[in-house]
Structures are given as C-alpha cells and as structure tokens.
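Visitor: Need a 3D model of the following:
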Amino acid sequence: MLAALAIGVGLLWVAFAYLGYPLMLAALRRFAPLPRVVRGGPDFAPPLSVVIAVHDGARELARKLENTLSQAYPGPREILVSSDGSTDATEAIAESFAARGVTLVRSAERCGKEAAQAAAIARANGDILVFTDVSAQLEPGALQTIVAPFADSTVGAVSSEDEVDDPAGEGAYVRFEMALRRLESEAATLVGLSGSFFAVRRALGTPWPTDLASDFRSALESAQRGLRAISEPGARARFGVNPDVGAEWNRKVRTVRRGLAVLFAYRGLLHPRHGRAALALWGHKLARFTSPLALLLVLAASLVAAPSSRIAALLAGLQLVAYAAAGLSLVVPAVARFRLPRLAGFFVLVNASMLVAWWHHLRGERAVTWQPTRR
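Guide: Have a look, this model is predicted:
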C-alpha cells in the first residue's frame, strides 16, 4: 500500500511538472487571459546598450559582432564587449571594432558572467539593456523586435526564443520550453529568460548581483517589482548543439546550481499572495527542479513492490528499459541517431544533472565563475 502511494505521488508530481502546469496555463489563457502586451511600432526605438559578456571567446567574437552590427535599429545603440579576464585574442578583436561603435570593457580578473555584465552596465547609457552570448547568432530584425514590448509600461523584461540545430534531444526540449514560455507570457509571467539573448529595463539593472544567474534573476526581479516578463517569438537566437556529452553535462549541472541559488534567493515569490507569478515559479521551476526526486521515488517504489504486484513489476521493467536506452544514446552514437532514445537520453541527462546540482547546493557550494559553452 505504501509503495503504491509512493508511486502515485511520484507520477502525479512529474505529470504536474510536464503536463499539468502547461494545462493550467492553457486554461488561464482561455478563460482569464492577461491584457495583451502593447508593442511599439517601427518608430519605437529607445536608446539601447547591447552587452556581450565573454571569456576567451576569440573564436566566435568577430562573427558575433558582425551579426550584431548588421541588426537594423533606428535609434541610438551602443555595443559593449565585457571581457571577463580573457587570456586569448578576445580583447584585441573587440578593440578592432572600436571604429564601428564597439566599446571594450576589460576586467583583469575572471569574476564570472554577471560580474562582467555589471561592469558593462556601469558604462552603459541605454534605457534598455540587451544581453546576448557570443555563441548566439541573432536572426535578422531580432534586436528591434525584442525592444518593441517595452512600449508597454507593465513589461520589465523580454526574452528571446531559442532555436537549436537538433531535431530531437535538446532541440525537442527547447521547443517544449519555448511553447511553455508563450503560455506563461499570456497567462502569467516568465520565471526565466533565455540567457543567450534577453532585455531588461535600465531600472532592473540596479542592483545587479554578481553571484546570481542574471537570466533567471531578471525575470523574478521583474515579477517582484510588479512587472511582467514575457517571451517575444519574433526575437530569435540560433545556436548549435555541443556534441561533447561531458561538456554538456557540466553545463547542465552548473546551470541548475545557479538556478537553485536564484530560486532560494527569491523564495518569497512562492507565496500565494504573488498570484500568477507564484504559480509560474512553482510550476515551471520548483516542480521541474524536484521532479528527479519524484522519478527516483517511482523507480524505488516500483522495485520494492515488483515481487508482489505484476503492475509494479511491469512499471519497473519499463523504467529500466527506458533508462538503459537513454544511457546507451549518450555513449553510443548509433543509438543516438534514433529520435526516442536521443530524447530519452537528453531527459535523463537533464534530470541527473539536477540531482548533482542539488547535492552541490545542499553542501553550500555555489557556481559563480562560468565556462562558456562552445557550440
């Protein structure tokens, strides 16, 4: 009986994280939608500061700057490359673009992505702060598109939508995330922005904590100030998939560790008095971060009940087969060519990384410095 209860609770929790929460948002959008965001027209062009924080990004920086400079924008615009203790040719490349309006902000020591962003903010003049990664290529018109929602005074932060060159695996996961963010934009508020490309009002740039992930924190700071964070489907950033499973694993663990630090720093937003912002934080972040524990609970309870229950034995067998296929897809390229094992492999990679991130967090270990992902 106890095992059956544990299985039921675990399955319900995972179902809420990946299905129940999106369905709740869809119902809110259908029956109690938020006011439509007012977007500025072609002439809406507040002064922009585009910040590119980079550490040892010489391989991609010139291409990134060409891509950013090619963006049509009718208003004042500045581009700041903030070097976080780079030791390669990053700073020389940035300086070579000075005549085209690119400013280098140099930090002698490596202090982390948010510290580099904070250094750039101190030099920035724009009313809107736009942050973009060196590895992200912006689609034409993305810069003006991501700014348009700031014509609405209720909007504090705007996220781009990611496009990943992967039909399954990470690509499928990212498409699910982008669809979920569209629902949140219309029914609640975003509780996470795309770190590769997002924008905030200048007011949200003060303070700028250097020990909290800026993409996640900016969304929650916006909600805490009574503003909305939304996703802008017309603002897109494209990047490739890292084929190195080890590097991808490290990135996932680091991302969740940083996310947990933000979640605990803004845990007050989980209180029901924050309404839809609280719902979004519970459904999108807390439920997702804790779903690996629910998956372990289901597996353990299924194995315990298997000798006395044919249903539990079947459930345990299905889980073991799925996990085996997922593991093979991560280490055997021939298996990874198939869509379902590849998707299962990425799902297992994400959830396992969350467990390790929780271990680091509970031990008091924080991830401040960064290792940019090469894609």
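Visitor: Check the secondary structure at the nearest residue to Arg106 once chain neighbours are set aside for me.
Guide: Of all residues not flanking Arg106 in the chain, Ser83 sits nearest, at 5.3 Å (Cβ to Cβ, 6 or more residues apart in numbering). Backbone N, C-alpha and C define where each C-beta goes, glycine included. State at Ser83, reduced to three classes by DSSP: H, G, I helix; E, B strand; the rest coil: strand.
Visitor: contacting residues around Ser83?
Guide: Neighbouring residues of Ser83 by Cβ atoms under 8 Å, 6 or more residues apart in numbering: 54-55, 90-91, 94, 104-107, 116.
Visitor: Columns neighbour count, distance to Phe216 and secondary structure on top of those, output as CSV?
Guide: Output for the contacts of Ser83, formatted as CSV (neighbours: other Cβ atoms under 10 Å; distance: Cβ to Cβ, whole Å; DSSP: H, G, I helix; E, B strand; the rest coil):
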residue, neighbour count, distance to Phe216, secondary structure
Val54, 25, 20, strand
His55, 23, 20, coil
Thr90, 24, 26, helix
Glu91, 18, 28, helix
Ala94, 27, 27, helix
Leu104, 19, 27, strand
Val105, 23, 23, strand
Arg106, 16, 27, strand
Ser107, 19, 22, strand
Ala116, 28, 17, helix
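Visitor: Which pair of these spans the longest distance?
Guide: Spanning the widest gap among the contacts of Ser83 are His55 and Leu104, at 13.7 Å by Cβ to Cβ.
Visitor: Which single one of the contacts of Ser83 is nearest to Ala300?
Guide: His55 (40.9 Å).
Visitor: What residue in this structure is the furthest from its centre?
Guide: In the chain, counting by Cα atoms, centre = their mean, Ser308 sits farthest out from the average C-alpha position, at 43.0 Å.
Visitor: And that one, what's its pLDDT?
Guide: Note for Ser308: predicted pLDDT of 92.
Visitor: Contacts for the helix or strand where Leu5 lies, please.
Guide: For Leu5, the element it lies in under DSSP states H and E is helix 2-15. In this structure, residues lying in contact with helix 2-15 by Cβ under 8 Å, 6+ apart are 287, 290-291, 294-295, 297-298, 300-302, 304-305, 309, 312, 315.
Visitor: Which of those ranks first by neighbour count?
Guide: Among these, the one with the most neighbours (other Cβ atoms under 10 Å) is Ser302, at 25 neighbours.
Visitor: Identify the residues contacting that residue.
Guide: For Ser302, the contacting residues are 3, 7, 312-313, 315-316, 319, by Cβ under 8 Å, 6+ apart.
Visitor: and if you look at Ile146?
Guide: Neighbours of Ile146 in contact, by Cβ under 8 Å, 6+ apart: 130, 158, 160, 197-199, 232, 235.
Visitor: Thr87 now?
Guide: Counted by Cβ under 8 Å, 6+ apart, Thr87 has contacts Asp56.
Visitor: What helix or strand is the residue nearest to Arg366 when sequence neighbours are not counted located in?
Guide: Leaving aside its chain neighbours, Arg366 sits nearest to Ala261 (5.8 Å; criterion: Cβ to Cβ, 6+ apart). Ala261 is part of helix 245-265, with elements assigned from DSSP H and E.
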